[in-house]
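Chemist: Fold the following.
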Amino acid sequence: QVQLVESGGGLVQAGGSLRLSCAASGRAFNYYAMGWFRQAPGKDRDLVAAINYNGGTTYYADSGKGRFTISRDNAKNTVYLQMNSLKPEDTAVYYCAAAGGSSYFTAEAYDYWGQGTQVTVSS
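Modeler: Alright, predicted model coming up:
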């Protein structure tokens, strides 16, 4: 079992920045690839960014390329999502998730999920 707790969401003006954190407890954190997803009302839960078990490989959806940076600190059992140049369309609940397999590009690949943190970007 892995427990994930997100923090760092909030209300920010367009053009601003937020840093989301996801603290993990339970089984060895460095065994898992980690992803950040987001879900806006009435929309699907979409992958925003992902990082492999040791931080050596990252993936970004088009929505976040050039603006978002995913990173992890295995010593602190924490994964981060730095979000810059935020837009109103970034408004959503953001979830972190852990994937124990070799693939981490779809929601189905993830085994554990956090409860989510709300990000609201005002125009």
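Chemist: secondary structure class for the residue nearest to the spatial centre of the chain?
Modeler: Most central in the chain under Cα atoms, centre = their mean is residue 36, positioned 2.1 Å from the mean C-alpha point. Secondary structure of residue 36, reduced to three states by DSSP: H, G, I helix; E, B strand; the rest coil: strand.
Chemist: again with the one 5 residues further on
Modeler: Assigned state for residue 41: coil (three-state reduction, three-state DSSP).
Chemist: Check the burial of it by counting its neighbours.
Modeler: Taking other Cβ atoms under 10 Å as the neighbour definition, residue 41 ends up with a count of 7. All C-beta spots, glycine's among them, are computed from the backbone N, C-alpha and C.
Chemist: again with residue 121
Modeler: 20.
Chemist: For the helix or strand encompassing it, which strands pair with it and how are they oriented?
Modeler: Secondary structure assignment for residue 121, by DSSP states H and E: strand 117-122. Strands adjacent to strand 117-122 in the sheet, as given by DSSP bridges, are strand 10-13 (parallel), strand 92-99 (antiparallel).
Chemist: Now for the nearest residue to residue 4 once chain neighbours are set aside, how many residues are close by?
Modeler: Nearest in space to residue 4, with sequence neighbours left out and distances taken as Cβ to Cβ, 6 or more residues apart in numbering, is residue 114 at 3.7 Å. Here the number of neighbours of residue 114 (other Cβ under 10 Å) works out to 21.
Chemist: can you map out the strands along the protein?
Modeler: Listed in chain order, the strands found in the chain under DSSP state E are 2-7, 10-13, 18-26, 33-39, 45-51, 58-60, 68-73, 78-83, 92-99, 112-113, 117-122.
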